[in-house]
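Chemist: Give me the fold of what follows.
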Amino acid sequence: MSQAEYIQDAQLAAQSGVFHGFITRNGGVSTGIYATLNAGRGSNDTPEAVSENRRRIAEAVNTSPQQLLSLYQVHSDRVIDVTTPFADDEKPQADGMVTTTRGLALGILTADCAPVLFADAQAQVIGACHAGWKGAVANIMEHTLQAMEKHGAERKHIIAAIGPCIAQASYEVDAAFRERFLAQSAKNSRFFIRSAKREGHYHFDLPAYVLTQLQISGIENANVLAKDTCFAENAFFSNRRRNLRNEADYGRQISVIMLEP
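Modeler: Okay, the predicted model is just below:
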């Protein structure tokens with residue numbers, strides 16, 4: 001039986017009592033466009049395949065499927081506190097969560113958006129958020145940090161890792177998209193370069209934008225895992241790649257952080 005594969009951020013992996021993994025698309029049972037480790041129940045993959053995939057992911061991160069949690073993500077700035085598991089059909093609508101409960105694996109589903117994992121090992125507080133461009137502009141990262149602080153976390157002790165997401169070379173956007181960011185700050189022009197192929201289009205650097213927002217929020221220890229989900233087809237699902245190919249649907253990978261039991 002194949003095992004779920006994951007990659008880690010070295011700085012976050014060094015934190016005592018904290019486990020994390022950015023799970024790849026490999027090691028599951030799904031087929032076709034969902035091959036193989038699709039973790040997204042919101043896809044049109046068979047529920048049985050997704051359940052088995054999530055079981056394998058839970059096994060790989062040393063927890064149970066019931067404690068592998070994911071949200072009903074809506075590209076918001078809403079962050080919830082998690083103290084006990086919730087059922088899949090009772091998932092809260094939010095894009096960030098924090099916990100101090102050991103053994104609860106906070107999972108963020110993505111297919112180009114940026115998963116951001118946080119840990120304060122001294123306070124034993126963890127957090128996770130889903131930062132697509134809408135959530136990033138709304139600063140879901142800052143809201144996650146504030147929620148962690150309510151449990152005693154301190155920004156000077158928080159480690160943050162931005163996981164695999166769409167890279168600038170793959171993320172072409174139109175001028176209206178760019179204007180949203182310039183309206184926030186003229187300095188945001190640094191995250192855009194002109195497209196060499198299409199007039200009036202640009203390439204947006206989502207991970208650099210998220211990293212900068214974390215730095216503005218006072219997080220000195222933040223890192224980007226430079227993995228382009230759109231380009232690295234063998235490792236990651238990608239909604240942008242799906243759109244370019246006019247495919248009917250796409251799978252989702254999951255990024256997980258947990259306080260070790």
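Chemist: drop to CA atoms for contacts and neighbour counts, all remaining ones
Modeler: Noted.
Chemist: How about the contacts made by the residue lying closest to residue 100 once chain neighbours are set aside?
Modeler: Among residues not flanking residue 100 along the chain, residue 125 sits closest, at 5.0 Å (Cα to Cα, 6 or more residues apart in numbering). Neighbouring residues of residue 125 by Cα atoms under 8 Å, 6 or more residues apart in numbering: 98, 99, 100, 119, 148, 151, 152, 153, 259.
Chemist: what's across from the residue lying closest to residue 158 once chain neighbours are set aside in the sheet?
Modeler: Closest residue to residue 158 apart from its sequence neighbours, by Cα to Cα, 6+ apart: residue 120 at 4.5 Å. Listed by DSSP bridges, the beta-bridge partners for residue 120 are residue 125.
Chemist: Got the confidence number for residue 120?
Modeler: Confidence at residue 120, expressed as pLDDT, is 98.
Chemist: Next, the contact list for it, please.
Modeler: 126, 153, 154, 157, 158, 159.
Chemist: Among the residues you listed, name the ones in helices.
Modeler: Assigned to helices by DSSP state H, none of the contacts of residue 120 qualify.
Chemist: Quick one, which of the residues you listed are buried?
Modeler: Among those, those classed as buried by neighbour count (16 or more other Cα atoms under 10 Å) are 126, 153, 154, 158, 159.
Chemist: Same list (the residues you listed) but as CSV, adding pLDDT and distance to residue 88.
Modeler: CSV is the format used below for those (pLDDT from 0 to 100; distance: Cα to Cα, whole Å):
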residue, pLDDT, distance to residue 88
126, 99, 21
153, 98, 28
154, 98, 31
158, 98, 29
159, 98, 29
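Chemist: would TSV of the residues you listed with distance to residue 206 be doable?
Modeler: Shown next, in TSV, are the buried ones among the contacts of residue 120 (distance: Cα to Cα, whole Å):
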residue	distance to residue 206
126	23
153	26
154	25
158	21
159	19
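Chemist: Most neighbours among the contacts of residue 125, please name it.
Modeler: When neighbours are taken as other Cα atoms under 10 Å, the top entry among those is residue 119 (33 neighbours).
Chemist: wait, doesn't that residue sit right on residue 161?
Modeler: No. Checked against Cα atoms under 8 Å, the pair residue 119 and residue 161 is beyond contact range at 9.1 Å.
Chemist: give me every residue that touches residue 8.
Modeler: Shown in contact with residue 8 (Cα under 8 Å, 6+ apart): 20, 21, 22.
Chemist: center of the chain, which residue is that?
Modeler: Central residue of the chain (Cα atoms, centre = their mean): residue 115, 1.6 Å from the mean position.
Chemist: re earlier: so what sits against both of residue 119 and residue 161?
Modeler: Common neighbours of residue 119 and residue 161 (criterion: Cα under 8 Å, 6+ apart): residue 12.
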